[in-house]
Each structure stands twice: as structure tokens, then as C-alpha cells.
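Enquirer: I'll drop the sequence and a predicted model, then ask my questions.
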Amino acid sequence: MTGPQPIPGPLFNRPPAVASGAHTSDLLLPDLSWAATRLGLVREPDGWLDTVVIAYVTAREYLGEFEKLRGDQFDPDVWLDALLRKHPREAYVEMLAFLNRAAPFKEAVLAIQQRFLAGLGTGLRTLAEAALAGAKDGQPRWFIARQPTLRAMRLVLTSPVPQDEPDSRVVSFLSDVDLETASILLVHLVADTLERERPEHEAKFGGMGESLAKEVVCNQIFNEPKDVGSAISRTWSLWTHHGANQKRENLPAAPVDLLAAATGLDLVEILAPAFAYWLKTTETRLVGPVRVPAFPLLTLPNEKVEKFLALYSATLDDLAAALVACDQPWQMLPLQTTPLLRVGDTVVVLDEPFLWEAVTSGLYWPVQEHLRATGGDKAWQAWSRAYAEMIELLAEDLIKEVAPLLLDGSSSFFTEDDIKAAFPGKKGVTPLNCDMGIDFGNSVVLLEIVNKPMTLAARSGDLDKFKVDAEKAVVEKTKQLDGTAKLLLQSPQPAGSPLAKPAEKVFPVVVCGNGFPLNPVTRNHVEERLKAEGWLQQSNVQPLAVVDLDELETCASLAKAGELLPDVLSSWLNSPSRKGSLTVHMVNTHGGRSLKRPAHVRADMDGAFEAIHLVLNIQDDPHSKPEAD
């Protein structure tokens, strides 16, 4: 007998009972999708790839193979068509939200994976297990990933009612499939649709074909893990402390009052509902509720909760209408801005990272829109500068924690004003200078702080827009660092210099208040641009370090544990993971190590949670707050 041989046995078994009593595990590093598996094109060993890249499984890898062995043609659209008819969209969206909350957690994903595999017929199960083990290329696959899960939500909500009859063979195969299995199949089928053909002779970006480079950049922006505790602490500090201390702009009111005017809510009335819904949703990743009550979890008046929901939730119909235009794989703005689904007097957390982003760093935007509406362009532009100063003040607090104390009790920390005073320039021309620096004796760390968010277009896959953002967020800022480095390398140093002698080694650092996707592609691009401009090319100037606020906080924690910042930076920039983020290097070198947060960060976190708990109507739970240390 010739030709494909069918594997005997049914496609699916009847679904097993749902397991209970499972527990969550630590967060895994982000899945960088199928595209990242092609990064084997990078010829040198790369600690970033070894640590970060996890490819997710697609339906083609097992269902497609099954169809091939049966002599049938695999068409994902045919399977999607049959699945979309099988369950109501409301049921699908809630199940996909359940899968999405489990996606980053190893134990939860493995439990769901075992349920799914147990429901498959013997032959299909064998193929699925082989696919998950990496039969295609030797790289094990992750079972459920966030991007295809959210894209499956979009598909469910925006697909028109089919007019033609579904494929009867596929309908028969799916006859005994339950909602969870059907939803998982949707995710894996959608993962197939996210693949793109790569042009053979396309332009390069960061040493890689532009289409693949775009996938890597968007993946990292989308998947970069964030510390919820730090985000809450930072937000509390920004709006309650640093907002009051900014002097750059004469705003019409204090930032926290502008926030109240823009939203109708004060800061705690925004943070508390988000915390309450998140807490109840994530009590366990496998058996916790998908829908949670919108009002009883809070002591806030119902009208306040309604205002919060008006800002951050949407109904199925509203969400569907907003998602119709988001046809590209990385276009998810409606889910970013309204990460809660409103179902009567209950809510469903559709995506936890988007929820925390909306109520922390996202608070900038309602104030900007309010000031644009009430004061025009000048008003919102002044707000943009004021917010940038708030970020600088917050970063300065962390940088001071990193600076060692000198023998006389003074700090080795110095500012832009110190540099200007020591190097006044000629004929009234002020030399280029950076925001801050720290003298460590044998080396000096120079820091430039920037608050440039990635634009929506860059986040959604427009590589040209990303190049513009990278220029503003990183490349242009290195000119300031280069100018200051040249001043501090001069011999001799002027009497007013913050350094007692010329710098022997300079570590330039850009602190991105809104983050920056640092990976081999973007690192190569930045280094190409610096070389072209001739910035930071001196032999005693170290490679540029780009860090975010979470990473800066980690450096402050390490400083309290006795690790000097130049040693941390040198270890990273000379490691196999040097082209990836400092976070990746920290995982490789300090994974599992317990570090205490800086004292002022712990104080801000405590202040935030004390205020939040006052308006919660949830029984005290020792696990209800991110650890302070």
C-alpha cells in the first residue's frame, strides 16, 4: 500500500473532568512566538535566545500532520469555521480569558495541557505530544501563549455569521469536543494564521530581515514581564510625591488633581477596583472565577465603580466593534484600553498585563486628553514635559540609592547642574551634558533619563515608526552622554569637577521610563547608529546600557546587597546575554535570589496598599499583596 497511512482511532475522546486544587507557579519568561524559532539564523551563541525564546505550538504541527496521514488537506479556515459555530461567542471569550490568565504559569499550563491531551484520540495525542516535544525543530513548544489567545478573542468577536454549510467531516470530528478543548483548538489554529512568508531579499534591520525583525520587536514590547508591586509603588510615588515636586511647568493644578478632573476618580479609586478584580480572578489559575462581581468587592459608592468601569471596561458588542479595525497581528488597542469585559454587574479580566498597564503607566493619557480638550496643544505639551520631570525625579531617587557614600559621609552622586558649573563652555555655549552621574572612583556611571513611550504604530508592527521611536528614546540621548563623557575624560579635570581625577572608565546608561525592547535586533540597530554618529566610541567608554525603571530598581536592590553598579553593568555587558535586556541577565545570574526593595520603594508600596485596602471589601488574605521584598 502506498500513500499516507491513516492513524487509527477517533480524533477526540470525550473530555475528562476538570481538575481542581491546582496551584500557580512562578512567572515564566515571555514567549516570543513562532518567529523567534528562526533566530537560529544568529550564528553566535546568545544567552538572550537561550533564556527568552519559547515557541508556541500551532495546530498545523499536530492537527495538520494528522490530516496529512489521513490523506486529507489541512485548511485552518475550515476548522475555524466549524469551531466558531459550536459555542456562543460569550462562552468562548470567557474561556479564552481563563486560558489567558493561565498562559504564563507553568503548573497551570501543564494541567490544562494534560486535560487537552487526555481528550484526544490515541493517534492525534501521539502527534500532539511529539509537536510539544519539538519534533519539528528540536525546540519544545509552549502550549498556550498570550498573543494567539488574545487574537482568538478578536476572531470570536469579529467573525461574521457563516453563510455556507460547514465541512461535515470536521463537524463530525468536533461533535464531542467541550468548550475548553474547542477554545484551545481556536488558539492553536489562530497561531497558524499569525505566520507570515519571509521575502527572500528583503531589507535588513539590526542584522535581520525586516519582517522577522518586526516580529521580534513587537513580541518583546508585548511580552516583556513587569513587576506588579513595582508598578503600583511607582504609580503611587509619581502621583502623590513627584507630581507635587515638579517645577518645570506651571500646570493648572497638581497632577493628582488633574487626574481626578480627567477621570472623576482619585488615584486610589482607580487602583483599588483593578486590584480587587485582579485578586479575585487570580486566587487560583485553574479554578478561580472568570466572572467576578463588580460592586460588592469594594466599599466605594456604586457611582464611583461605574466611572471606573466606564473607563476600563467594554461590553461584548462594544469590544467587537472596536476590534474590527485591528486586523494586524499586533493591533490590540481596544484590549489595552478596556481590558475588562462588562457582563451585567460582573466583570471578566481579559488580560492582566493590559489591566495593570492601563491603571499605572496609562494614567498619563486621560490627563493628556483632558488638557488637550480644555487648554489645547500648549496645555498638553506642558503636561508632557511635567510628566517627564516626574519620571526624572522618580529615577533620581533610585539612582541615589545606587550611589555609594564617601568616607566623609557625602554622596558620589552628581547632577547636570554640577557638570554645567564645572564646564561652563565658551562664549555662552553650554557643553552637552547628561542628567546625572555617579563617581565610583575607578569608573563613572553617566545616566540620561527619557520618557518616550513606544507609539501605537511601533507597537503594532510599523518598523519605520519604531525606528523613529528608537531614535528619540535612545539614540538621540546618547549625544548627551557622549558630550559628558568627553568632558570627564579630560585631563586635568577643572577644580569644580564632580570627579577628583579624569575618568578611567565610563559606563553610559539610558534609563527609559516607558521601557524599550532591548534584544539582539534592537541592540544591533542602536550600535550601528552610534557608530555612524561617532558617539560613545572612545576606548575607555563601555557599551551603552539601556535599562527601564524596574531594572533600575533591581540595581538599587543589588547595591543594598553590596553589588556596585559598574560591576553589575560590566557583568551584563560582557555576558552571553549582553545583547538582551538587563532583566534577562538578572534571571541568568540571580534567578531565585531574594532581594530587598529599596526602603523608599517599600514605603510607597505600603502607602499604596494601605490606601487600597481601606476601600476593599475582601477578607484579609496574606497573599493579597505583592511582596515588598
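Expert: That came in fine, so what should we check first? Residues are numbered from 1 along each chain as shown.
Enquirer: now residue 469. Nearest residue, chain neighbours left out?
Expert: In space, and not counting its chain neighbours, residue 469 is closest to residue 458: 4.8 Å by Cβ to Cβ, 6 or more residues apart in numbering. Just so you know, the C-beta spots here come from the backbone N, C-alpha and C atoms, and that holds for glycine as well.
Enquirer: could you do residue 477 as well?
Expert: The spatially closest residue to residue 477, leaving aside those adjacent along the chain, is residue 448, at 4.5 Å (Cβ to Cβ, 6+ apart).
Enquirer: what sits against the one you found?
Expert: Residues in contact with residue 448 (Cβ atoms under 8 Å, 6 or more residues apart in numbering) are 434, 435, 477, 478, 480, 481, 508, 509, 510, 511.
Enquirer: and residue 100, by the same measure?
Expert: Going by Cβ under 8 Å, 6+ apart, residue 100 touches 144, 146, 149, 150, 153, 350, 351.
Enquirer: ok, back up a step: so the residue nearest to residue 477 sits in a strand?
Expert: Yes - checked against DSSP: H, G, I helix; E, B strand; the rest coil, residue 448 lies within a strand.
Enquirer: bridging residues for it?
Expert: Beta-bridge partners of residue 448, counted by DSSP bridges, are residue 510.
Enquirer: and it, how far from residue 479?
Expert: 9 Å (Cβ to Cβ, to the nearest Å).
Enquirer: now residue 130
Expert: Going from residue 130 to residue 479 by Cβ to Cβ gives 53 Å.
Enquirer: same thing with residue 365?
Expert: When distance is defined by Cβ to Cβ, residue 365 is 29 Å away from residue 479.
Enquirer: repeat for residue 588
Expert: Separation of residue 588 from residue 479 (Cβ to Cβ): 31 Å.
Enquirer: one more: residue 412?
Expert: Residue 412 is 25 Å from residue 479, where distance means Cβ to Cβ.
Enquirer: now swap in residue 165 and tell me
Expert: If you measure residue 165 against residue 479 using Cβ to Cβ, the figure is 64 Å.
Enquirer: comparing those two, which residue is more hemmed in?
Expert: Between residue 165 and residue 479, counted using other Cβ atoms under 10 Å, residue 479 has the larger neighbour count: 16 against 9.
Enquirer: how about the contacts made by the residue nearest the centre of the chain?
Expert: The centroid of the chain falls nearest to residue 224 when counting by Cα atoms, centre = their mean (3.3 Å). Going by Cβ under 8 Å, 6+ apart, residue 224 touches 30, 515, 517, 581, 583.
Enquirer: so of those residues, which ones are in helices?
Expert: Those of those mapping onto helices are residue 583, per DSSP state H.
Enquirer: for the contacts of residue 224, work out which two are farthest apart.
Expert: Spanning the widest gap among those are 30 and 515, at 12.9 Å by Cβ to Cβ.
Enquirer: helices or strands up against the host helix or strand of residue 476?
Expert: Following DSSP states H and E, the helix or strand that holds residue 476 is helix 476-489. Packing partners of helix 476-489 (3 or more Cβ pairs under 8 Å, 6 or more residues apart in numbering; DSSP states H and E): helix 416-422, strand 444-450, strand 506-512, helix 520-533.
Enquirer: could you rerun that using 6 Å?
Expert: Contact partners of helix 476-489 among helices and strands, from 3 or more Cβ pairs under 6 Å, 6 or more residues apart in numbering; DSSP states H and E: strand 444-450, strand 506-512.
Enquirer: among these, which is nearest residue 417?
Expert: strand 444-450 (14.5 Å).
Enquirer: angle of that closest one against strand 506-512?
Expert: Relative orientation of strand 444-450 and strand 506-512, computed by axes from the mean of the first three to the mean of the last three Cα atoms, to 10 degrees: 20 degrees.
Enquirer: let me know the pLDDT of the residue nearest to residue 477.
Expert: Looking at residue 448, its pLDDT is 96.
Enquirer: one more: residue 199?
Expert: 69.
Enquirer: do residue 52 as well
Expert: 57.
Enquirer: can you point out the buried residues in the helix or strand hosting residue 79?
Expert: If you go by DSSP H and E, residue 79 is part of helix 76-86. Under the neighbour-count criterion of 16 or more other Cβ atoms under 10 Å, helix 76-86 has 76, 78, 79, 80, 81, 82, 83, 84, 86 buried.
Enquirer: also stretch 573-586?
Expert: Residues of stretch 573-586 classed as buried: 573, 575-586 (neighbour count, 16+ other Cβ under 10 Å).
Enquirer: go on, stretch 464-473?
Expert: Across stretch 464-473, burial judged by 16+ other Cβ under 10 Å covers 465, 466, 469, 470, 473.
Enquirer: mind checking the pLDDT average for that stretch?
Expert: pLDDT averaged over stretch 464-473 gives 94.
Enquirer: and residue 393, how many residues sit next to it?
Expert: Residue 393, neighbours per other Cβ under 10 Å, totals 18.
Enquirer: residue 244 is in contact with that one, correct?
Expert: No - Residue 393 sits out of contact with residue 244 when judged by Cβ atoms under 6 Å, with a separation of 10.1 Å.
Enquirer: returning to what we had before: name the nearest of the contacts of residue 100 relative to residue 220.
Expert: residue 146 (12.8 Å).
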